[in-house]
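>>> please work out how this folds:
(2 chains)
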Protein chains: 2
Amino acid sequence: MTTSARQLVLNLFIHPTGHHEASWRHPSSAPDRIHSARYYQDLGRRAEAAKFDAVFFADVPHLGPNVEHGAAGWLEPITTLASIAAATERIGLIATASTTFYEPYNLARLFASLDHLSGGRAGWNIVTTASAGAAGNFGLTQFPEVEERYARATEFVETVTRLWDSWEDDAILLDVESGRYADPAKIHAADFAGEHVRVAGALNAPRSPQGYPVLVQAGASNEGRAFAARWSEAIFTAHQRLQDAQAFAADIRRQAVTFGRDPQGIKILPGISPFLGSTEAEARALETEFNELTVPAYGLRQLSVLTGVELGEDLLDKPVPPELFAAAGDVTDNNRSRLQVVAGIVEREQPTVRGLLHRLAGARGHRVVAGTPEQVADTITEWFTQGAADGFNVMPPALPTGIEVFADHVVPILQARGLFRTEYTGTTLRDHLGLPRPVNRYAAERAGADAASTPASGSADTPAATPVDALVRA
Amino acid sequence: MTTSARQLVLNLFIHPTGHHEASWRHPSSAPDRIHSARYYQDLGRRAEAAKFDAVFFADVPHLGPNVEHGAAGWLEPITTLASIAAATERIGLIATASTTFYEPYNLARLFASLDHLSGGRAGWNIVTTASAGAAGNFGLTQFPEVEERYARATEFVETVTRLWDSWEDDAILLDVESGRYADPAKIHAADFAGEHVRVAGALNAPRSPQGYPVLVQAGASNEGRAFAARWSEAIFTAHQRLQDAQAFAADIRRQAVTFGRDPQGIKILPGISPFLGSTEAEARALETEFNELTVPAYGLRQLSVLTGVELGEDLLDKPVPPELFAAAGDVTDNNRSRLQVVAGIVEREQPTVRGLLHRLAGARGHRVVAGTPEQVADTITEWFTQGAADGFNVMPPALPTGIEVFADHVVPILQARGLFRTEYTGTTLRDHLGLPRPVNRYAAERAGADAASTPASGSADTPAATPVDALVRA
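Numbering: from 1, shown residues only, chains lettered A, B, ... in the order given. Modelled structure (predicted):
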């Protein structure tokens, strides 16, 4: 195996019973374990044994209406990752958290602590939460529009990175003899006063092992893409086809250049949900087995959340009506990008309503593949080598079995091809992803480095907040 | 040993290097380990081996100005407890968190997850944060007054307990055959619209093992006492003298009765910081050794935060000037109660300024005792049997050594006296404390129980939010 060649990134995206909506009904899942620490620790250990880069959790601070037929309800991701951290040594730990519904000081602390507790393995998947239902859980009568959400997100990330820089790396002196614990000149107030976010003081924790937890992003709206191009070090994205993924990657890298960033410094990670069998027919039969466990009422409700259109069960075996996508203009922008993916499926495959529900049951619009380990490794290899992906968020249809089968049968093929590590070479998530550790902005200023190369958007007398990689000069 | 007799509660209050402000300079602490998971896991395991009820973390979302000479900066408590949970089996896990600076939906999730991840060992120490510096970290230009903070806290706790009740205990059906995962009739929106707090939906996690994490409270202001009498199941409090602790306990129990509660259902836990030696002289010498490591500039600054009065180092060997407590009216109410403790020390002991700094260096106004294990066990026994305490938050001057010495030498004496368990008899923190599991309010209504005995203070069409023990009918 060559270690110098470009390497795949593989994350295990953990959805409690697996990503297929009916997985909780299938014997290969363990729905009675999904609220226990041991279950998630076992998944983390399994992914670590397979040398995955990270485990990944989605999140939305809201319980949707579809509770009767789906495995609704889940643990809070950051605390769950702190638990997984205690049971593992190397694997990265990425949690989704919302800039719209968190206070930046609280969120900065939670992720800094996770990074300390894990020895530098934390990642934050930054979302603005395109879910109107969440607003009511936070005292908002109106759901903020996408532009406003991203305006807040921008200030939020600037503030949080300032907080993570509060303590320079050498701020702690630990001079027992003189009684000086820390150097106050190396601890800095955030002093950020924006339109949406204001934070006065310094973080109450020292700088964490990675400097900043890895910044991940998952919004595919136009605003989301621009935000990702500016801030993110990894992007979780949804594409059905190679050419769409290639176009997305090209767009992100082009925009990254306009922010003065290295276009290869962003890891683009589509979702992939693999049904595996010893023959292709066996894999397809497994997919069918899962799809036949779906409850149409559940799928129709999910579809109506996405499209704004309610379809009756009497239409299940009819072609998908074109008006399903007429309401695209009325839904949030992020939904619109997901709607485009779904509209593309309908246009290409002309399914019945039931057929469409089955297509979406697998991974909510992410790519589902059914095949032999060799076939799945081939499609991963193709996307990786053809500019469509730097790696994948692997979304097993059912857990815990899905990660076991993938680890035992697909990973060895990718390793044999020299595309994926056989051992970890570093200890932090940044090490795994090949991302540099951000230089502390205040230390950079003191060193006379020209790190602060973009205009400050905080208050006037504070140092400029800059894109992450403009700070990375170590 | 009798297990039916009333039993002491013992919590280990974890302050990173220990509770004495100079502990980080003493060889019995480990200041280089205080940002690692392993350190806190080791402390948790040590306290569990000694059969303690819980570990306890303080918190304030703010870095104070005293960073140069004290071990400033610490990990976020809830994530740290999730890490300790993974390394332990039985010990309770109590984190302090602020009702003023958290969103109730986020906080309800974090504690519910901690309770799930730990198998029912979570506790929430409810504070309103009497620290003006914190306000600026949350976009507030003015620090809310104590009355307003407690008005929000009351709505906050009502909302959070509603969220913890969102899912009835039997809401999950897991009916694989029919495809029904949960019964929507047993999942309830919080639907709370108060003056300070509004939460519309249901929690996105099932009810946790304890129903509610144990509700702890630590505010000693008049508002804090009334709040504690209404809501709390355990109180962390600071007293120097037996009679003051007795008066406090009597006041809390009297007020609890006015809320219709069992006055013995509240565990009153003063702080105690023990210096232990094989002779009393050795213990006192150890205390002196710690005090001589203090940096006067640090102590004077802490004193000025408390009193609003700046004293110069030239006054260190002069008597404490009476004007030190003149400003008591200008500080927040919670500080006032702590000021009374300090004023009492000065009145009784007539110390020099340096002497007062040494008295406060041990545990910030909590009771410091120096003596043999027998003497410390005697004072614990006296307070426990004389109506001053149901147990203690043990605040070792230095960690990790302080818990080792206490566990090895004091705990066996208390066990031999039949006052403290030699084995855990239950698995949850509620089990350890002898507290009942709260009945779900919606299940109680359905059962026709008269659980909702106080008027609703939420919106009119939702069930009444009631004090915890009015719901406890199991």
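>>> dump stretch A:366-376 to CSV, restricted to CA.
C-alpha atoms of stretch A:366-376 as CSV (Å, rounded to 0.1, in the frame of the first residue of the first chain):
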residue,chain,number,x,y,z
HIS,A,366,-28.7,10.1,-0.8
ARG,A,367,-27.3,7.6,-3.3
VAL,A,368,-28.3,4.0,-2.7
VAL,A,369,-26.3,1.3,-4.4
ALA,A,370,-26.9,-2.4,-4.4
GLY,A,371,-24.2,-4.8,-5.4
THR,A,372,-21.3,-7.0,-4.6
PRO,A,373,-18.4,-5.6,-2.4
GLU,A,374,-16.4,-5.4,-5.7
GLN,A,375,-19.2,-3.3,-7.4
VAL,A,376,-19.5,-1.0,-4.5
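>>> can you give me the buried ones in it?
Within stretch A:366-376, the residues that qualify as buried by neighbour count (16 or more other C-beta atoms under 10 Å in any protein chain shown) are A:366, A:367, A:368, A:369, A:370, A:371, A:372, A:373, A:375, A:376. Where C-beta positions appear, they are placed from N, C-alpha and C, glycine not excepted.
>>> mind checking which helix or strand the last one is in?
Under the assignment given by DSSP states H and E, the secondary-structure element containing residue A:376 is helix A:373-385.
>>> which other helices and strands contact the next helix or strand after that helix?
Counting by DSSP H and E, the next helix or strand C-terminal to helix A:373-385 is strand A:391-394. Using 3 or more C-beta pairs under 8 Å, 6 or more residues apart in numbering or on different chains; DSSP states H and E as the contact definition, the elements that strand A:391-394 packs against are strand A:9-13, strand A:267-276, helix A:373-385.
>>> buried ones in strand A:391-394?
Within strand A:391-394, the residues that qualify as buried are A:391, A:392, A:393, A:394, counting by 16+ other C-beta under 10 Å.
>>> ok now it, how far from the chain's centre?
Relative to the mean C-alpha coordinate of its chain, strand A:391-394 is positioned 10 Å out (C-alpha atoms, centre = their mean, to the nearest Å).
>>> on contacts alone, who are the packing partners of the helix or strand following that strand?
With elements assigned by DSSP H and E, the helix or strand that comes after strand A:391-394 is helix A:401-405. When contacts are defined as 3+ C-beta pairs under 8 Å, 6+ apart, helix A:401-405 packs onto helix A:37-49.
>>> check which element follows the helix it packs on along the chain.
Stepping forward along the backbone from helix A:37-49, the first helix or strand reached (DSSP H and E) is strand A:54-57.
>>> state the pair within the buried residues of stretch A:366-376 that is farthest apart.
Of all pairs drawn from the buried residues of stretch A:366-376, the one with the longest distance (C-beta to C-beta) is A:366 and A:372, at 20.2 Å.
>>> compute the first-to-last residue distance for stretch A:402-412.
15 Å (C-alpha to C-alpha, to the nearest Å).
>>> what's the neighbour count on residue A:355?
Residues lying near residue A:355 (other C-beta atoms under 10 Å in any protein chain shown) number 18.
>>> swap that for residue A:385, please
Neighbour count for residue A:385, taken as other C-beta under 10 Å: 11.
>>> what pLDDT is listed against it?
The model reports residue A:385 with a pLDDT of 97.
>>> one more: residue A:135?
Per-residue confidence (pLDDT) for residue A:135: 94.
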